[in-house]
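**Student:** this one's structure only:
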């Protein structure tokens, strides 16, 4: 089926050639066409251009007039944990009453709390809870998403999460990439024997995951009180042997050398980066590793924001993601992420949109098929309501300015 969309007020993120990512000063450039048309065929973008160049012989089965509305690529959210059981709303109140994230974790809350709930909840129930979250982010404009495990911390718990992610991927049109994060925290029963848990990850979890083709990436929470740099390297080296590319949690609370380890192992991304030393920025220069900022996590926890301005000025790329999870970011709203990046991290709207589309796609390894308006890429699109300019998207941070979402050429209900 061929669908023609006409009278697009402005078509954003137009890339004639397939660009994989944008870095440094390039991030401030957002190519657009005003008064545009776009053609979708077989779920892909097949043509686009200015209305004055609209071909006469298109003969579409469907024609949609979006006069006054803007179209941009659907968001690419490269860091989430949306498969979990229950919530951690009590910890939210505890933080209001003065407890820190680390204090809550030290008393058995945080990740360990979520792991307990997950292992006590049936696979079907977790699937039903998770699909509601997935449907919500699709309606909010996300067309591709990475989902991590990490709330099982047992062989069966981790496999259960990964099976659920695979089922979601099979049953929904959104592109889903899967990350194994067994090294999210040390379970209480292994507190006195960390090596035994790391051995469990390497010797039992990884072989099962590889045998059943349950993950694309491997992740480790490299942080004081979680996994050391040496442990991180041991785990990601094992994952690489099973064909899993690294994507690493680093520098959320401390800079301990995790970025250097990630770059050394050619990690696809390093995520969080709230605490950045000059040497962390230097090691990312000229690497293939994408820095990923999670501003709604900083917002929710009241911790520093990733120093985006400094990083972009030094020539780095940046991607934006939600970190959707029950403890530190119970939201998958990429629109809020883009707004927060502009308001709190001083990214321009152009930089933030690039970070949430083409660079987000790169951080999932899918920028050849997602993240820009390019012929042959997936027709994953956001159609806005009637707005004055795309600056209104981050400016009106509390308003839903999305009229409709298209994923692989089909409108999402």
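**Tutor:** Looks like it arrived, so ask away. Treat the numbers as computed from the prediction; the structure is a model and nothing was measured.
**Student:** going forward, measure contacts and count neighbours with C-alpha atoms only.
**Tutor:** OK.
**Student:** which residues are contacting stretch 63-72?
**Tutor:** For stretch 63-72, contacts defined as Cα atoms under 8 Å, 6 or more residues apart in numbering pick out 3-13, 372-373, 381-387, 389-390.
**Student:** tell me which element the closest residue in space to residue 177 that isn't next to it in sequence is part of?
**Tutor:** Spatial nearest neighbour of residue 177, chain neighbours left out: residue 146 (4.5 Å); criterion: Cα to Cα, 6 or more residues apart in numbering. Following DSSP states H and E, one finds residue 146 within strand 142-148.
**Student:** could you give the angle of whichever helix or strand comes after that strand to strand 142-148?
**Tutor:** Moving toward the C-terminus from strand 142-148, the first helix or strand encountered (DSSP H and E) is helix 155-171. Angle, helix 155-171 to strand 142-148, by axes from the mean of the first three to the mean of the last three Cα atoms, to 10 degrees: 170 degrees.
**Student:** helix 155-171 - contacts with which helices or strands?
**Tutor:** Packing partners of helix 155-171 (3 or more Cα pairs under 8 Å, 6 or more residues apart in numbering; DSSP states H and E): helix 123-139, strand 175-183.
**Student:** which of these is buried the deepest?
**Tutor:** Among those, the stretch with the highest mean neighbour count (mean count of other Cα atoms under 10 Å) is strand 175-183, at a mean of 25.
**Student:** pull up the per-residue confidence for the spatially closest residue to residue 384 that is not a sequence neighbour.
**Tutor:** Nearest-residue entry for residue 384: residue 402, 4.3 Å, with adjacent residues in sequence omitted and distances by Cα to Cα, 6+ apart. Note for residue 402: predicted pLDDT of 98.
**Student:** over to residue 7?
**Tutor:** 98.
**Student:** one more: residue 109?
**Tutor:** Residue 109 carries a pLDDT value of 84.
**Student:** and what of the one 5 residues further on?
**Tutor:** Reading off the per-residue confidence, residue 114 sits at a pLDDT of 91.
**Student:** now swap in the one 10 residues further on and tell me
**Tutor:** We note a pLDDT of 98 for residue 124 in this prediction.
**Student:** pretty sure residue 190 sits against residue 197.
**Tutor:** Yes: counting by Cα atoms under 8 Å, residue 190 touches residue 197, with 6.1 Å between them.
**Student:** wait, the residue nearest to residue 177 touches residue 179, no?
**Tutor:** Yes: Residue 146 lies in contact with residue 179 (Cα under 8 Å); the separation is 7.1 Å.
**Student:** any idea which helix or strand in the chain has the lowest mean pLDDT?
**Tutor:** Scoring the helices and strands of the chain by mean pLDDT, DSSP states H and E places helix 101-106 at the bottom, with a mean of 82.
**Student:** just the residues contacting that helix, thanks.
**Tutor:** Around helix 101-106, the neighbours that count as contacts under Cα under 8 Å, 6+ apart are 91, 95, 110-112, 301.
**Student:** for the most centrally placed residue in the chain, which non-adjacent residue is spatially closest?
**Tutor:** Nearest to the mean C-alpha position of the chain, by Cα atoms, centre = their mean, lies residue 78 at 2.0 Å. The spatially closest residue to residue 78, leaving aside those adjacent along the chain, is residue 146, at 4.9 Å (Cα to Cα, 6+ apart).
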